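A.B. asks: Turn this into a model:
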Amino acid sequence: MAKASEKFLVHCLVAILLIALVEGSNELVICNIPLTKLDLCRPAVTGKYPPAPTKPCCSLIKHANLTCLCNFKDALPAFNIDPARAFALPKKCKSNLPTPPQCQA
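C.D. replies: Here you go, the predicted structure:
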């Protein structure tokens, strides 16, 4: 049952992203993160040896709803985002946001 709901969430996220691309929306926000700003953190969560997160990335992370993002954890690899690195960003950014236990790698 859990796998089915995870797949459903992944499909919903992909559908939302496709709609945003087709509509050209600049206002789509998921988990307090504007989709147009996701690239601010992309270098810190992709590749074999990612650099430290930048100040703009950390600013974005400090406003993120991590519990909400946990729902999309399994979808992140489809966007070349390493979930473990993504959920390590709050600590790397010295944020007070705790990573929910279900999101820890």
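A.B. asks: any weak-confidence spans in this structure?
C.D. replies: Segments of the chain classed as low confidence (criterion: pLDDT under 70) are 1-27, 104-105.
A.B. asks: Try it again at 90.
C.D. replies: 1-39, 46-48, 63-64, 66-84, 86-87, 95-105 (pLDDT under 90).
A.B. asks: So which residues of it form helices?
C.D. replies: Along the chain, counting by DSSP state H, helices occupy 2-23, 42-45, 55-61, 66-70, 83-92.
A.B. asks: for the closest residue to residue 80 other than its chain neighbours, what are its contacts?
C.D. replies: Once flanking residues are discounted, residue 80 sits nearest to residue 46: 5.2 Å by Cβ to Cβ, 6 or more residues apart in numbering. Using the backbone N, CA and C atoms, a C-beta is placed for each residue, glycine as well. Contacts for residue 46 (Cβ atoms under 8 Å, 6 or more residues apart in numbering) come out as 80, 81, 82, 85.
A.B. asks: Now a ChimeraX select for only the buried ones of those residues.
C.D. replies: A single ChimeraX command is used to select the members of the contacts of residue 46 judged buried by 16 or more other Cβ atoms under 10 Å:
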select :81,82,85
